[in-house]
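**Student:** Following is a predicted model, sequence given first.
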Amino acid sequence: HPGVLVTSLDALADRLLAHGLPVTWDDNLPGYRRFHSADPFGNRLEFLEPAAPAAPAAAAA
């Protein structure tokens, strides 16, 4: 299946859902947020974006 690197992943998921298309979130790829959907012909499509980097831990004073 094709994987498409995008920005604004949440907005894309919302738009697909609003049009009645499936959105299945998957957290099995470290460093990326992603979900799968399907086109009208049943082909699986993957959309992903890099996960936000973790905030640095506060230094102890």
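**Tutor:** Perfect, thanks for sending it.
**Student:** Three-state assignment for the nearest residue to Leu9 once chain neighbours are set aside, please.
**Tutor:** Excluding the flanking residues, the one nearest Leu9 by Cβ to Cβ, 6 or more residues apart in numbering is Glu49, at 4.5 Å. Every C-beta, even on glycine, is put in place using the N, C-alpha and C of the backbone. Under DSSP: H, G, I helix; E, B strand; the rest coil, the three-state class of Glu49 is strand.
**Student:** What is the neighbour count of Glu49?
**Tutor:** 16 (other Cβ atoms under 10 Å).
**Student:** Make 36 the first number, not 1, from now on.
**Tutor:** Got it, the first residue is 36 from now on, which makes the last one we talked about Glu84.
**Student:** That one pairs with what?
**Tutor:** Note on Glu84: beta-bridge partners by DSSP bridges are Arg68.
**Student:** Could you measure from it over to Gly55?
**Tutor:** Counting by Cβ to Cβ, to the nearest Å, the separation of Glu84 from Gly55 is 23 Å.
**Student:** Quick check, Val73 in contact with Arg79.
**Tutor:** Not Val; residue 73 is Ala. Yes: the criterion here is Cβ atoms under 8 Å, and Ala73 meets it with Arg79 at 5.9 Å.
**Student:** Dump the helix or strand hosting Leu80 to PDB, keeping only the CA atoms.
**Tutor:** Take DSSP states H and E as the rule and Leu80 turns out to sit in strand 79-85. Presented in PDB, the C-alpha positions along strand 79-85 are these (Å, rounded to 0.1, in the frame of the first residue of the first chain):
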ATOM      1  CA  ARG A  79      -5.400   0.600   1.700                       C
ATOM      2  CA  LEU A  80      -3.800   4.000   2.000                       C
ATOM      3  CA  GLU A  81      -1.500   5.100   4.800                       C
ATOM      4  CA  PHE A  82      -1.000   8.800   5.900                       C
ATOM      5  CA  LEU A  83       1.700   9.700   8.300                       C
ATOM      6  CA  GLU A  84       3.600  12.700   9.700                       C
ATOM      7  CA  PRO A  85       6.600  12.900  12.000                       C
END
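**Student:** Okay then, goodbye and thanks.
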